[in-house]
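Visitor: quick one, what's the 3D model for this:
(one chain, ligands or ions: 1)
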Amino acid sequence: MSGIKLEKINKYFDKNHILKNLDLYIEDGDFMTLLGPSGCGKTTTLRVITGLENPEEGILTINGKEMINGAKGYYAPPSKRGLNLVFQSYALWPHMTVFDNVAFGLSINKMPKAEIRTKVESALEKMRIAKYKDRYPSELSGGQQQRVAIARAIVTEPRILLLDEPLSNLDAKLRLEMRAELKRLHRELKTTIVYVTHDQVEALTLSTKIAIFFEGNMVQVDTPRNIYRHPVDIRVADFIGNPKINFVDADCKYSNGSITTTSELGTLTVPCTQPPSGKVVLAIYPEDIQISSEKVEGGIPLSVYSVMPAGSETLFQLTTSGENLILAKVIGELDLPIGKMVWVTFPLEKVNVYDKETGVLVERGNGTGSSASAPAADHGTKLGASSF
Ligand SMILES: Nc1ncnc2c1ncn2[C@@H]1O[C@H](COP(=O)(O)OP(=O)(O)OP(=O)(O)O)[C@@H](O)[C@H]1O
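Guide: As a prediction, this is how the structure comes out:
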């Protein structure tokens, strides 16, 4: 089987259990991002794949070939794994030009000079840095140095490229540019990429799949869309939301394929194929909330707590009591006075429900036929356009 397969990997540092029974399959051609908070084990996983760390237990196969077998004490050396790794600190040789830095890996393999030149020029072209080939690293910006590091990694045409936070030293604008470059590169080279980041936007932008880690456990592996829209537990939902997803505690009653939740947002009835055990948490995405300054049928009355313009969008904090704040994201510029009463609506089928006790996403079925009512009024919330 092609691709990278990790099976029941366990890694300890002294007595600390760092990777816990890790199972992960990275298909040939995937752009797989390992995502999670600091210290959750992303880099350790990458180092296990490359051979820089040996796990105590588990099996790693790369393109069908066994590279690690913990039970047999077998660990293939890094050089035999056919991988190429780019670290967070790109570590270029300061005394070599860009060309020589990129050529280095080919020169030590005793490749003919003409072939080296062709390959290096092609890698520099791909990273759009051909014009800097005679410069030294100190004469380049951080972003240009980053491109050199990636050119150096792709020049050997690895089937698998491992990137550990490769954009972390760049400013916001360069990061954006480099994300686009990496995405283009992945399409062009059709290389399998394993990418480590703690930046969820980067993960959602770049990846074909995302693996979410918490404290050495793999919590969810899925497409960016599913990770974003259907986080399997509340920790993932909390981590992935940008801006943060709203969580609202609610009591709930199950009856005949739906649950009725009662919270500060009133009574909401949503379809549900599996009754939760008790209290639930409603997860409402800020971008799903629509605000109207006039009373709308089914709208939930909230008052404006703060307004945060952010250029192309405006974030609002809304509240019933001043304690819990509901974040709403409106595209464009919009100003509303603090304390003003507004009416919010949101599509109920887009609300995720989590079991408060276990934090697990409650199975909702296909999400049709939902209705809701506001605390004061008694009418159904439905999709509604913002009106001001
Ligand atoms: N060589 C080591 N010796 C002891 N503990 C280590 C070593 N390397 C990593 N750890 C610990 O293992 C855990 C996982 O570290 P790892 O670097 O894999 O996390 P990470 O998810 O990549 O974090 P970050 O996003 O901060 O880079 C951390 O608690 C870290 O302190």
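Visitor: what residues go with each domain of this protein?
Guide: 4-237, 243-373 (automatic domain parsing).
Visitor: can you put the ones you listed in JSON lines and add mean neighbour count, distance to the ligand and mean pLDDT?
Guide: Quick note: C-beta positions are derived from backbone N, CA and C, even for glycine. What follows is these, written out as JSON lines (neighbours: other C-beta atoms under 10 Å; distance: least, C-beta to the nearest ligand atom, whole Å; pLDDT from 0 to 100):
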{"stretch": "domain 4-237", "mean neighbour count": "18", "distance to the ligand": "3", "mean pLDDT": "90"}
{"stretch": "domain 243-373", "mean neighbour count": "17", "distance to the ligand": "19", "mean pLDDT": "86"}
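Visitor: how far does the helix or strand containing Tyr354 sit from the chain's center?
Guide: Under the criterion of DSSP states H and E, Tyr354 resides in strand 352-355. Mean C-alpha position of strand 352-355 versus that of the full chain (C-alpha atoms, centre = their mean, to the nearest Å) differs by 20 Å.
Visitor: all helices for this protein, in order.
Guide: 42-50, 98-107, 113-126, 142-154, 172-189, 200-206, 224-229, 234-240 (DSSP state H).
Visitor: next, format the ones you listed as TSV and append distance to Lys356.
Guide: Shown next, in TSV, are those (distance: least, C-beta to C-beta, whole Å):
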stretch	distance to Lys356
helix 42-50	29
helix 98-107	53
helix 113-126	50
helix 142-154	43
helix 172-189	36
helix 200-206	24
helix 224-229	21
helix 234-240	9
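Visitor: so which of the ones you listed is nearest Asn84?
Guide: helix 142-154 (4.6 Å; C-beta to C-beta).
Visitor: now stretch 117-137 - C-alpha only, PDB.
Guide: Taking Å, rounded to 0.1, in the frame of the first residue of the first chain, the C-alpha atoms of stretch 117-137 are listed here in PDB:
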ATOM      1  CA  ARG A 117      22.200  23.000 -12.800                       C
ATOM      2  CA  THR A 118      19.000  22.000 -14.600                       C
ATOM      3  CA  LYS A 119      17.400  20.700 -11.400                       C
ATOM      4  CA  VAL A 120      18.400  23.600  -9.200                       C
ATOM      5  CA  GLU A 121      17.200  26.100 -11.800                       C
ATOM      6  CA  SER A 122      13.900  24.300 -12.000                       C
ATOM      7  CA  ALA A 123      13.500  24.300  -8.200                       C
ATOM      8  CA  LEU A 124      14.400  28.000  -8.000                       C
ATOM      9  CA  GLU A 125      11.900  28.800 -10.800                       C
ATOM     10  CA  LYS A 126       9.200  26.800  -8.900                       C
ATOM     11  CA  MET A 127       9.700  28.900  -5.800                       C
ATOM     12  CA  ARG A 128      10.000  32.100  -7.900                       C
ATOM     13  CA  ILE A 129      13.500  32.900  -6.600                       C
ATOM     14  CA  ALA A 130      15.700  32.300  -9.600                       C
ATOM     15  CA  LYS A 131      16.800  35.900  -9.700                       C
ATOM     16  CA  TYR A 132      18.400  35.600  -6.200                       C
ATOM     17  CA  LYS A 133      20.500  32.600  -7.100                       C
ATOM     18  CA  ASP A 134      23.900  34.400  -6.600                       C
ATOM     19  CA  ARG A 135      22.900  36.000  -3.300                       C
ATOM     20  CA  TYR A 136      23.900  34.800   0.100                       C
ATOM     21  CA  PRO A 137      21.200  34.100   2.700                       C
END
